[in-house]
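[1] A structural model of the following input is requested.
(one chain, ligands or ions: 1)
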Amino acid sequence: ASAEEEPAPVQRVENPYEGADVYVNPDWSANAEASGGSAVADQPTAVWLDRIAAITGGSAGNSTGLEEHLQNAVEQAGGEPLVFQMVTYNLPGRDCSALASNGELGPEEIDRYKNEFIDPINEIVGKYAEENPNLRIVNIVEIDSLPNLVTNTGSAETATEECNTMLENGNYQKGVSYNVGTLGEHENVYNYLDAGHWGWLGWDTNFQPAADLFNEVISTAPASPDKVAGIAVNVANYGSIEEPNFSIDDTIDGKQIRESKWIDWNQYTNNTDYGLDFAAAVDGGGGLIIDTSRNGWGGPDRPEGPGPETSVDEYVDGGRIDQRIHTGNWCNQSGAGLGERPQASPAAGIHAYAWIKPPGESDGSSEEIPNDEGKGFDRMCDPTYEGNPLNQNNPSGALGNAPLSGHWFEAQFQELLENAHPPL
Ligand code: BGC
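    Sure thing, here's the model as predicted:
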């Protein structure tokens, strides 16, 4: 073949979302459409590779396999730039501080992670990436994994035996480094590491140790900073992009609002400020994706202005748009709504608002449901649960009658539509 017939070499761009469309997952789209969500059914959502079988297809929420998705993506692209968003989520000993998304690989099965999960994904991704320079593959790397090693280990009140095992055997760090290093070989794969959210790593006692851990993992071969495009925050969580009715420096009667129960001495109140600072502290591209699939908090309970200046708590609670009982609550939150629609470069320094957690897919079952997906029952998904140190012993705020994590949760989807903000 002459030089002219070779496909154009792939050029890594700074922000893959800029000037590109984003892949619409037909599986999610069909669920949304069938549940009265035609107003949003054409929105792009991420494809979750949440177990080995998801590569070939057939798992809940992911009936289409990766190769077929990429074929669809090439068609959707029609020769123009298109972002394909995938979440790689199958580390050994996955979800070490909770039960709802415990995975299929045991804590020591790092070789299976590499050989049976990352390598087969890499083979498929590699083929499509090379043949289709217009495809930009965004890889959201292993939700909650490194953040869990920071806050839920050692002698912390929130430590679990499972997280301590993973910290000690190093298999989260090795898995993330292998994932980033292997897939990042392709110039059109963009790796974003999951960095929790403001209500998790926003305290200075967590922030710097987390950034240090991220940088250590990123600089451990086969990973390297040039294979990292940035971080993703608020994935599958409910924290807002901003709190328009107060800012962290406000005081009431000389008291900092940081003293309020809601903020609880955190350095942040929202995912934009937290995300931008964390992205800047991590080696690599410095880009930021914020998952806005379920952080809209519209509907009748959304405050229209600041709370009363009677006390720090009344001021913060009266003004905050995030209506959760506590920022540590994460499962099927009652009252939540769809957030900002996916968009590129919504504000300075932000690569994209994206719907990474497909709205309408459950975070976990509200009671025990036997299953062959390795999923446990986490009481944070039970509406009657009174909490634990992770949410400072507050009620869970979860909706009842929820199916297993990843399964379609019709009632939640209806509520997300009703409470969307911006409204639909
Ligand atoms: C589940 C996955 C699912 C993902 C997206 C996770 O909580 O564990 O099975 O694919 O959510 O809905």
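[2] Could you give the number of residues near the nearest residue to Glu418 once chain neighbours are set aside?
    Leaving aside its sequence neighbours, Glu418 sits nearest to Gly299 (C-beta to C-beta, 6 or more residues apart in numbering; 6.1 Å). (Each C-beta comes from the backbone N, C-alpha and C, glycine too.) By the criterion of other C-beta atoms under 10 Å, Gly299 has 16 neighbours.
[3] same check, this time on Ala398
    For Ala398, using other C-beta under 10 Å, the count is 25.
[4] what residues are up against it?
    For Ala398, the contact set (C-beta atoms under 8 Å, 6 or more residues apart in numbering) comprises 329, 331-334, 363, 366, 380-383, 385.
[5] and which of those residues is nearest to the ligand?
    Asp363 (5.6 Å; C-beta to the nearest ligand atom).
[6] returning to what we had before: secondary structure element for the residue nearest to Glu418?
    When secondary structure is defined by DSSP states H and E, Gly299 falls outside every helix and strand.
[7] Between the two ends of stretch 415-424, what distance do you get?
    Using C-alpha to C-alpha, to the nearest Å, the end-to-end distance of stretch 415-424 comes out at 12 Å.
[8] Please report the distance of the residue of the chain found nearest the ligand from Ile369.
    Using C-beta to the nearest ligand atom, the single residue of the chain nearest to the ligand is Gly406, 2.9 Å away. Gly406 sits 12 Å away from Ile369, going by C-beta to C-beta, to the nearest Å.
[9] More neighbours: which of the two?
    Neighbour totals were compared for Gly406 and Ile369, and Gly406 leads with 25 against 15 (other C-beta under 10 Å).
[10] wait, doesn't that one sit right on Glu361?
    Yes: between Gly406 and Glu361 there is a contact under C-beta atoms under 8 Å: 5.5 Å.
[11] The closest residue to Ile241 other than its chain neighbours: how many residues sit nearby?
    Once flanking residues are discounted, Ile241 sits nearest to Thr272: 5.1 Å by C-beta to C-beta, 6+ apart. As a burial measure, Thr272 scores 23 neighbours (other C-beta under 10 Å).
[12] So what touches the helix or strand Thr272 falls within?
    Assigned by DSSP H and E, Thr272 falls within helix 271-281. Contacts with helix 271-281, where a contact means C-beta under 8 Å, 6+ apart, come from 195, 197-198, 201-202, 207-208, 210-211, 230-231, 233-234, 239-242, 248, 267-268, 286-288, 290, 295, 347, 349-350.
[13] what's the following helix or strand after that helix?
    Sequence-wise, the next helix or strand downstream of helix 271-281 (DSSP H and E) is strand 287-291.
[14] ok, that next one: who's next to it in the sheet?
    strand 230-233 (parallel), strand 352-354 (parallel) (DSSP bridges).
[15] who does the helix or strand that it is followed by touch, helix- and strand-wise?
    Beyond strand 287-291 in the direction of the C-terminus, DSSP H and E gives the next helix or strand as helix 312-319. Contact partners of helix 312-319 among helices and strands, from 3 or more C-beta pairs under 8 Å, 6 or more residues apart in numbering; DSSP states H and E: none.
[16] Give me the mean pLDDT for helix 312-319.
    On average, the pLDDT along helix 312-319 is 98.
[17] How far does that helix sit from its chain's centre?
    28 Å (C-alpha atoms, centre = their mean, to the nearest Å).
[18] And the strands in this structure, which stretches?
    Here the chain has its strands, by DSSP state E, at 21-22, 47-49, 82-88, 135-141, 189-194, 230-233, 251-252, 255-256, 287-291, 343-344, 352-354.
[19] would you list those strands in a markdown table and tack on distance to Gly175?
    Output for those, formatted as a markdown table (distance: least, C-beta to C-beta, whole Å):
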| stretch | distance to Gly175 |
| --- | --- |
| strand 21-22 | 26 |
| strand 47-49 | 13 |
| strand 82-88 | 9 |
| strand 135-141 | 9 |
| strand 189-194 | 12 |
| strand 230-233 | 17 |
| strand 251-252 | 44 |
| strand 255-256 | 40 |
| strand 287-291 | 20 |
| strand 343-344 | 29 |
| strand 352-354 | 23 |
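[20] Include mean pLDDT and distance to the ligand when you put these into TSV, please.
    Output for those, formatted as TSV (pLDDT from 0 to 100; distance: least, C-beta to the nearest ligand atom, whole Å):
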stretch	mean pLDDT	distance to the ligand
strand 21-22	98	17
strand 47-49	96	4
strand 82-88	98	7
strand 135-141	98	11
strand 189-194	98	12
strand 230-233	98	14
strand 251-252	98	38
strand 255-256	98	35
strand 287-291	98	11
strand 343-344	98	21
strand 352-354	98	13
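[21] Need these in JSON lines (columns: mean neighbour count).
    Compiled in JSON lines, these are given as follows (neighbours: other C-beta atoms under 10 Å):
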{"stretch": "strand 21-22", "mean neighbour count": "21"}
{"stretch": "strand 47-49", "mean neighbour count": "25"}
{"stretch": "strand 82-88", "mean neighbour count": "26"}
{"stretch": "strand 135-141", "mean neighbour count": "26"}
{"stretch": "strand 189-194", "mean neighbour count": "28"}
{"stretch": "strand 230-233", "mean neighbour count": "30"}
{"stretch": "strand 251-252", "mean neighbour count": "16"}
{"stretch": "strand 255-256", "mean neighbour count": "14"}
{"stretch": "strand 287-291", "mean neighbour count": "29"}
{"stretch": "strand 343-344", "mean neighbour count": "16"}
{"stretch": "strand 352-354", "mean neighbour count": "28"}
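[22] ok so, going back, spit out the contact partners of the residue nearest to Glu418.
    Contacts of Gly299 by C-beta under 8 Å, 6+ apart are 335, 337, 418-419, 421.
[23] Pass me the low-pLDDT residue ranges in the protein, would you?
    For the chain, applying pLDDT under 70 flags the ranges 1-8, 58-62.
[24] Thanks a lot, catch you later.
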